[in-house]
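Novice: what follows is a predicted structure for the sequence shown.
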Amino acid sequence: MPDTNDRNHVYLGVHVRGPVTVVQERAKTLLEPNDLVFCDPARQHLLQFGEDCQMIFFRVPRHYLGVTESELNQVLGVPVRGGEGIGALASDFLTALAAEAEFRRSTIGDRRARTAVHLLSVLVMELLEADTTDEADDASGAVNEMLSRIHGYIEEHLMDPDLSPESIARAHHISVRYLQKLFQNDGSTVSQWVRRRRLEFCRLELGRSNRRVTMAAVAHRWGFSSPSHFSRTFRGAYGMSPSEWQALATSAFASTTAVAQDERRR
């Protein structure tokens, strides 16, 4: 077992046989033969050993790995599978190194030791990059979840004329600046999103031939401050005024109905 008073070195364990479990907070991972794990001698609770188990430990000066203490702490206790990638390369090399006792006090041994340290440095960097990727994925998932909730809130409050970036941010306990940043990442702004959704519902309602509603009533219902503002916004989005769209939709429905009635008479 590593010396618990050793503060200048980190240990890399290569699992050989028997039940060995890595404990990280509430998670437990059972190591398989050839798996690797970096250990701190002061944290014996990190590894739990069963009966008839064997691990090979390599003592490595902390400063040899070329990372900060904070970065090194991020990889402690992270199991590395010894059957793939850099993990397999490091595991095979270190296992062979441990089997050759004569290397320890020779020039060849020094070269192999330097090669081992280089491999471990690469292994540490890969673990750090993987951790960064996981954090990025988690952050991306959290952002998408927040955007989904905000979109749902907007849908529920489209008819509210007081719906605004300020009210949306307040409802989700975030700043307006952060809210705007969320939508910028999605290629839009809060106001553009709200306006687009309101216009889509207005267009659908105006196009219903079975409901003869006024443009002003539709605009008011979907949160537009005035009919003139609604008309300008609608034309900018669809290339025609609300009344022109309503007439076009009604005419198209009337033509379709007339054709259907003629077909039934034949």
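Specialist: The structure has been received and is ready for your questions.

Novice: OK, contacts around residue 229?
Specialist: residue 219 (C-beta atoms under 8 Å, 6 or more residues apart in numbering). Using the backbone N, CA and C atoms, a C-beta is placed for each residue, glycine as well.

Novice: walk me through the domains of the protein.
Specialist: Domain assignment for the chain by automatic domain parsing gives 9-135, 165-249.

Novice: now render those domains as CSV, adding mean pLDDT and distance to residue 144.
Specialist: Shown next, in CSV, are the domains of the chain (pLDDT from 0 to 100; distance: least, C-beta to C-beta, whole Å):
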stretch, mean pLDDT, distance to residue 144
domain 9-135, 80, 15
domain 165-249, 87, 9
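
Novice: and these as a markdown table, adding distance to residue 143?
Specialist: Formatted as a markdown table, the domains of the chain follow (distance: least, C-beta to C-beta, whole Å):
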| stretch | distance to residue 143 |
| --- | --- |
| domain 9-135 | 12 |
| domain 165-249 | 7 |
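
Novice: would you tell me which of the ones you listed gets closest to residue 147?
Specialist: Minimum separation from residue 147 across the domains of the chain (C-beta to C-beta) falls at domain 165-249, 5.7 Å.

Novice: run the chain-centre distance for the closest one.
Specialist: Relative to the centre of its chain, domain 165-249 is centred 31 Å away, using C-alpha atoms, centre = their mean, to the nearest Å.

Novice: do stretch 69-85 as well
Specialist: 21 Å.

Novice: what are the buried residues along that stretch?
Specialist: By neighbour count on 16 or more other C-beta atoms under 10 Å, the buried set for stretch 69-85 is 72, 74-80, 82.

Novice: would you list every one of the helices in the protein?
Specialist: 69-75, 85-99, 107-156, 165-171, 176-185, 190-206, 215-221, 227-238, 242-265 (DSSP state H).

Novice: other SSEs contacting the second one?
Specialist: The elements that helix 85-99 packs onto, with contact taken as 3 or more C-beta pairs under 8 Å, 6 or more residues apart in numbering; DSSP states H and E, are strand 9-17, strand 36-39, strand 54-61, helix 107-156.

Novice: deepest-packed of the ones you listed, please.
Specialist: strand 36-39 (a mean of 23; mean count of other C-beta atoms under 10 Å).

Novice: check what contacts it and list those residues.
Specialist: With C-beta under 8 Å, 6+ apart, strand 36-39 has contacts from 2, 10-15, 22, 31, 46-47, 57, 72, 75-80, 82, 87, 90-91, 94, 123-124.

Novice: for residue 20, see how far away residue 38 is.
Specialist: Computed as C-beta to C-beta, to the nearest Å, the residue 38 to residue 20 distance reads 14 Å.

Novice: hang on, the earlier thing: now, among the buried residues of stretch 69-85, which is nearest to residue 152?
Specialist: Distance ranking of those against residue 152, using C-beta to C-beta, places residue 74 first at 35.6 Å.

Novice: surely that closest one and residue 125 touch.
Specialist: No - here residue 74 does not reach residue 125: they are 11.3 Å apart, not a contact under C-beta atoms under 8 Å.
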